[in-house]
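[1] Okay, predicted coordinates and the sequence, questions at the end:
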Amino acid sequence: MGSDAATPSGFLGTSVSAEAETGTTTLRRRRIVQDWLFMLPQLLIFVGLTIVPFFIAIPILFTDMSQFNDPQINWVGFRNFTVLFNNAGVRADYLPALKRTLVFVALNYTTVYIFGLSLALLMYEVGFRGGFFTVVYLPLMVSGLAVGYIAVMLFSRETGTANLLLMELGLIKKGINIYSPSGTMFLLPLLVGWRYAGYNMAIFLSGLLAIPKETIESAIVDGASYLQRLFRIYFPQMWPSFILATTMCLIGSFAVFDELVALGALYVNPEANLLSTLFFIYGFQVERLGQGMTLAVETFLPLVFVGVALQRLQKRLQY
Amino acid sequence: MDVIERFRSSRQRGRGLGTSGKKRLLRIFATTVMVVYTILTLFPFYALFVRSFVPTKESSDLHLWLPEVEEVSMERQIGNLAVFYDMDTADLKDAFGIPQTEFLGARMTLAELAEEYTIPEEDIKDYFAGFYRYNGWQTLLLGDLYGTTFWECLGRTLLVTVVSLVVLIVLSVFTGYGLAGLKRKDQMAVYNIYLLQMVIPAMLILLPQYQLFQWIFKLFPNYADKGLTRYALQLLAVVLINIKGTALSTMIFVSAISGIPRDLEDSAMVDGATRLQYVRHVLFPLLKVPIVSLIVIQMPLIYNQFLQPYVYLDPANSTLLPFIQSAVGQFSTNFQVIYAAIFSSVMPMLIVYLLFRRMFVEGVMAGAIKG
């Protein structure tokens, strides 16, 4: 019982031991079988659609399978794994996409703080405002595809509404071009950050609300400045929020797809072609399925380990 | 003594003034930030709405309000109207009693049309009243694309969303109920499996997942076969992906069900209820809060799902977002249709959100605290 009391949320904490001792063994066993039966439908679907595909993928990595109904599939050994290092064509596809993805991850991670953390701090200081929360969370109700197309509508060089407005106000001389390298590079993280602002704000806000009031009050009484309070009181007690936001941003940044399609990554705008769209193109458009899947594995496997490590860390800090 | 007292009181007063001044400053600053952020967040949707009424030829002018309705000039060529504004020439012929077999040249102007078929100019002007403003919405809401219409796609999206949510809730409650009864070690093992979902990138399993569905349903290469079964199975594939459960859905229900006293179940058992009946009649009503929490987090994700429907569904069996994507490809020269399509795809979810905003805010905060 002592360990149960230590788990703050009570999550996964209830043990059946008290029950188990009083009930007869057969009844208890039947109950456990029933428990597993209750879990089975969803667990089967989950394992079938998340874990099994992982293993289906493995043999395909060693073939030259070009598409899903490829009539002739040959074993090619480790060729798919090595082309990344010795094939100029694949490198010319992969390396720019990798570079753009890494830049995007970095910029997108800063938007987590620009939007999520600062809005959470603002709301924490002035008190929770349901109306403003509704506004900040609103873009998450909109698909990434629509957000991307809206961005194109606002920032097309000649016809973008925001461009025309900013030029009318005299703030810029020439329209921002969302299809240019720098346009895509800066606008993409901004619009993803804007879209997830409410989500990140909720994460940081829940971290802030979990801080015991006394620590803050005593810091104020001691005359700590706001910055001192931030770095000495708030942030050290919000570590689980930071790790959760980091994990989510990392996973989300590599998975970003809809926004890229809207920015023309699959056809007209190579600047928006990140790794996710590159794998999609290899798998569904240019008939290099085995190659595409291998590149995906080579890219994502390290990421899976980082994700697992981050989650371990978060759990250790939380409980 | 007197001096110190006075100093202290003056300092206190000074500090008091300072804090209240600081507070006022903070409030002004916060209000400014909130107002600016609100405007920046809402403006794109307003601009999208306005732009769905702005003819493509005027799109390089700034429009902040609905444009004036401009009459279609009699010098306009039929081909231009058909290509850039998706005017339906068959409809035009019907409206003026011109036989469908008649050929209208692309360069023929409306004035020439009036002359050739002796149609009063007024009638043509009436036919084209508001054409520049509304042609995008007309094309979107009345037309069809790749064998389906906007309304059918909206219907399929709502169907997939509702079915997925209902089944997801039922299965997740079952999972939570089963899991809550297990030993802590087994709980963590199962929970860790669901946690894998968060670290395995969707892109990594997209291709083999698709492969798996092809093996089971054997559908995707046979594009010639356009049966209802095929369409239904494609939608089923999308629903199955939506209901597979996540770490969040598992956690929400395990922690909620763990908090319900076991006495409740025992007394239900004494009254002769089966465990299934207990779930149906006792557990579900008690789980309103976590169920709402799950709905408000999952509903936008399912409604706004693009990648899986885009991959799994035939164009004629599409949901809303792949339909929007094909509309963008198809009407690339008619911005009005594109913006009307995007606006109308965004609106249903936004309306639900604004109607139930309190539930959304509370559910999201509850989810964030758990997550």
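    Alright, I've got the coordinates. Numbering: from 1, shown residues only, chains lettered A, B, ... in the order given.
[2] rest of the way, CA atoms for contacts and neighbours
    Fine.
[3] ok now do B:Y303, which residues does it touch?
    Shown in contact with B:Y303 (C-alpha atoms under 8 Å, 6 or more residues apart in numbering or on different chains): B:157-158, B:161, B:349.
[4] Kindly recompute the last result at 10 Å.
    Counting by C-alpha atoms under 10 Å, 6 or more residues apart in numbering or on different chains, B:Y303 touches A:141-143, B:154, B:157-162, B:164, B:319-321, B:345-346, B:348-349.
[5] where's the residue at minimal distance from the centre of chain B relative to B:A327, distance?
    Residue closest to the mean C-alpha point of chain B, counted by C-alpha atoms, centre = their mean, is B:N304 at 4.0 Å. Note on B:N304: its distance to B:A327, by C-alpha to C-alpha, to the nearest Å, is 16 Å.
[6] what does A:L188 give?
    22 Å.
[7] got it, and B:E75?
    Distance from B:E75 to B:A327, by C-alpha to C-alpha: 29 Å.
[8] if we can go back for a sec, I figured the residue nearest to the centre of chain B hits A:P139, correct?
    No - at 11.6 Å, B:N304 and A:P139 do not qualify as touching, with contact defined as C-alpha atoms under 10 Å.
[9] which stretches of the stretch 201-319 of chain A have low pLDDT?
    Scanning the stretch 201-319 of chain A for pLDDT under 70 picks out the ranges A:317-319.
[10] And the stretch 251-371 of chain B, by the same measure?
    B:368-371.
[11] just to revisit the earlier point, neighbour count: B:E75 and B:A327, which is higher?
    B:A327 (21 against 11; other C-alpha atoms under 10 Å in any protein chain shown).
[12] Surely A:G264 touches A:A272?
    Yes - with contact defined as C-alpha under 10 Å, A:G264 reaches A:A272; the gap is 6.8 Å.
[13] which residues do the two both contact?
    Residues touching both A:G264 and A:A272 by C-alpha under 10 Å, 6+ apart: A:Y179.
[14] Tell me which of the two has more neighbours.
    Shown here are A:G264 and A:A272; by other C-alpha under 10 Å, A:A272 has more neighbours (29 against 18).
[15] Grab the nearest non-local neighbour of the more buried one.
    A:A265 (4.7 Å; C-alpha to C-alpha, 6 or more residues apart in numbering or on different chains).
[16] Give me the buried stretch members for the helix or strand containing A:F235, please.
    Assigned by DSSP states H and E, A:F235 belongs to helix A:235-237. Neighbour counts over helix A:235-237 (16 or more other C-alpha atoms under 10 Å in any protein chain shown) mark A:235, A:237 as buried.
[17] List the first helix or strand encountered after that helix toward the C-terminus.
    Next element after helix A:235-237 (DSSP H and E): helix A:239-255.
[18] Just checking that following helix against chain B, any contact.
    Yes - shown here: helix A:239-255 in contact with chain B (C-alpha under 10 Å from any C-alpha of the partner chain) through A:240-241, A:244, A:247-248, A:250-252, A:254-255.
[19] Please produce TSV containing those, extended by neighbour count.
    Putting the residues of helix A:239-255 next to chain B into TSV (neighbours: other C-alpha atoms under 10 Å in any protein chain shown) gives the following:
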residue	neighbour count
A:P240	22
A:S241	25
A:L244	21
A:T247	21
A:M248	18
A:L250	19
A:I251	22
A:G252	18
A:F254	21
A:A255	17
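[20] Break chain B into its domains for me.
    Listed by automatic domain parsing, the domain ranges of chain B are B:2-51, B:78-128, B:144-370.
[21] can these go into a markdown table with extra columns for distance to A:L84?
    Output for the domains of chain B, formatted as a markdown table (distance: least, C-alpha to C-alpha, whole Å):
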| stretch | distance to A:L84 |
| --- | --- |
| domain B:2-51 | 41 |
| domain B:78-128 | 45 |
| domain B:144-370 | 17 |
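[22] Please identify the deepest-packed of those domains.
    Ranked by mean neighbour count, the domains of chain B are led by domain B:144-370 with a mean of 19 (mean count of other C-alpha atoms under 10 Å in any protein chain shown).
[23] Among the contacts of B:Y303, which lie within helices?
    Mapping the contacts of B:Y303 onto helices (DSSP state H) picks out B:154, B:157-162, B:164, B:320-321, B:345-346, B:348-349.
[24] Of those, which fall within the contact range of chain A?
    Contacts with chain A within the ones in helices among the contacts of B:Y303, counted by C-alpha under 10 Å from any C-alpha: B:321, B:345-346, B:348-349.
[25] Among those, which one lies nearest to A:D64?
    Within these, the smallest distance to A:D64 is 32.4 Å, found for B:L321 (C-alpha to C-alpha).
[26] looking at it, that closest one is touching B:L313, isn't it?
    No - at 11.2 Å, B:L321 does not count as touching B:L313 under the criterion of C-alpha under 10 Å.
[27] Show the contacting residues for A:Y226.
    Going by C-alpha under 10 Å, 6+ apart, A:Y226 touches A:219-220, A:232-233.
[28] Likewise for A:Y234?
    So A:Y234 contacts A:121, A:207-212, A:215-216, A:227-228 (C-alpha under 10 Å, 6+ apart).
[29] roughly how far apart are it and B:I291?
    In terms of C-alpha to C-alpha, A:Y234 sits 32 Å off from B:I291.
[30] ok, now B:L40?
    Distance from B:L40 to B:I291, by C-alpha to C-alpha: 32 Å.
[31] can you check A:R229 too?
    For A:R229 relative to B:I291 (C-alpha to C-alpha), the value is 37 Å.
[32] thinking again about what came up before, among the domains of chain B, which is nearest A:R31?
    Comparing the domains of chain B under C-alpha to C-alpha, the one sitting nearest is domain B:144-370, at 8.5 Å.
[33] and B:S60, which of the three is it?
    Look at B:S60: counting by DSSP: H, G, I helix; E, B strand; the rest coil, its state is coil.
[34] Near the closest residue in space to it that isn't next to it in sequence, how many other residues are there?
    Residue nearest to B:S60 in three dimensions, not counting chain neighbours: A:T159, with 4.4 Å by C-alpha to C-alpha, 6+ apart. Counted with other C-alpha under 10 Å, the neighbours of A:T159 add up to 20.
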